[in-house]
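J.: Next input, structure requested:
(2 chains)
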Number of protein chains: 2
Amino acid sequence: MARRISAASADTKRRLADAALDQFHLKGYVGTSVQDLVAAAGAPKGTFYNHFASKEDLAVQTVRRYSDTFRVGTLTDPAAGPAVERLRRHFEALVATGLSKAAQRGCMIANLAGEVPAHSPAVAAAVAEHLEKWTAALTSALDEAKQAGDLKTDLPSPDLAEFIVNAWQGGAVHAKATGSLKPVHSFERMVALLVR
Amino acid sequence: MARRISAASADTKRRLADAALDQFHLKGYVGTSVQDLVAAAGAPKGTFYNHFASKEDLAVQTVRRYSDTFRVGTLTDPAAGPAVERLRRHFEALVATGLSKAAQRGCMIANLAGEVPAHSPAVAAAVAEHLEKWTAALTSALDEAKQAGDLKTDLPSPDLAEFIVNAWQGGAVHAKATGSLKPVHSFERMVALLVR
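T.: Numbering: from 1, shown residues only, chains lettered A, B, ... in the order given. Here you go, the predicted model:
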């Protein structure tokens, strides 16, 4: 019996975490209540705090989980092939994600970056951590591809990486505001022109 | 007496509008209540709805007012000098604004673009209108400067304009999330390299 309760409990926790990924992305941090999450997860009322210390605690975990899906680490992993190929695959994956989600949801990181600093230093710190990690990995891969002679750009890697990360974030919220994928297509073309 | 009441009323409306500009920028649309606005404006309780139909109505007006401060029209105004000079002054003004506000507040347009579409189609439309207007004016000025022979870039103007607008938006939320002006400085350097 204890095992069955525990399995049900783990399932509830997983459904709450999935609901958080969906709801925070769509509606933001302040715009998503614990009651919204419980309802979206179809979880028994009153169970939320069995699994998470607070909405803020769940939001921090959600940002880290979302960040992990970007697989930023593969940008700097030599086992994943030459840096120029890693960069190409990274941008392809990014654009594919954008095409499937940006017009309805934007990018969860960008949405929260603009919203949470006045409401939760902990969530803002998790967002900042993702942005810094991504920018650093992109800078490193750009440097590596240049050193291998595979890129002809003379744009400085740290600024180019920062500009690309920021153009992605801005393009995603732009897509969300307009409901159009035009900014994602434009991003794809510009990255092909800048990282060559 | 009627005139004195009317002057007091106009003053209350102005203070509510100023509070909206400040609070929506800092805390977002959902995170700012009518009560927050009334308190920040030091306005008599219950007067809000004498001046605005709703929080949403005030937010739409606030986005339009914020948009006007960017003076996007000067980008395409021949009386404001050669296009290359208009572009230079536009980016200087943008960077100055970013240096004064982005680390605490980001860019109000970007903040709201990522937040409001799930909460207010009207506010999202006002945000989208600003982004489209800005991108179009920047595209036009870039084309004009190229035709005058003042730019050597071969990057296509519509994509370059979109990328710059988006990098600005993303840089502003990045600055807000990290509390650092690094993305603004990076934006300044990259624009100098791309628009030349």
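J.: Helix or strand for residue A:109, just tell me which one.
T.: For residue A:109, the host element (DSSP states H and E) is helix A:108-115.
J.: Run through the neighbouring helices and strands of whichever helix or strand comes after that helix.
T.: Once helix A:108-115 ends, the next helix or strand along the chain (criterion: DSSP H and E) is helix A:121-147. Using 3 or more CB pairs under 8 Å, 6 or more residues apart in numbering or on different chains; DSSP states H and E as the contact test, the elements touching helix A:121-147 are helix A:55-69, helix A:83-105, helix A:108-115, helix A:157-178, helix B:157-178. C-beta coordinates here come from the backbone N, C-alpha and C atoms, glycine included.
J.: These: which one's closest to residue B:106?
T.: helix B:157-178 (3.3 Å; CB to CB).
J.: touching chain A at all, that closest one?
T.: Yes: residues of helix B:157-178 contacting chain A under CB under 8 Å from any CB of the partner chain: B:158-160, B:162-163, B:165-174, B:176-178.
J.: Which secondary structure elements does that helix sit against?
T.: Applying 3+ CB pairs under 8 Å, 6+ apart, one finds that helix B:157-178 makes contact with helix A:108-115, helix A:121-147, helix A:157-178, helix A:182-194, helix B:83-105, helix B:108-115, helix B:121-147, helix B:182-194.
J.: can you list those helices in CSV and add mean neighbour count, mean pLDDT and distance to residue A:95?
T.: Formatted as CSV, these follow (neighbours: other CB atoms under 10 Å in any protein chain shown; pLDDT from 0 to 100; distance: least, CB to CB, whole Å):
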stretch, mean neighbour count, mean pLDDT, distance to residue A:95
helix A:108-115, 30, 98, 15
helix A:121-147, 20, 98, 15
helix A:157-178, 27, 98, 9
helix A:182-194, 20, 97, 5
helix B:83-105, 17, 97, 27
helix B:108-115, 30, 98, 19
helix B:121-147, 20, 98, 19
helix B:182-194, 20, 97, 20
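J.: Mind checking the ones you listed for the one nearest to residue A:74?
T.: Of all those, helix A:121-147 comes closest under CB to CB, at 8.7 Å.
J.: any idea of the angle that closest one forms with helix A:83-105?
T.: 140 degrees (axes from the mean of the first three to the mean of the last three CA atoms, to 10 degrees).
J.: How far does helix A:121-147 sit from its chain's centre?
T.: Chain-centre distance of helix A:121-147: 12 Å, with CA atoms, centre = their mean, to the nearest Å.
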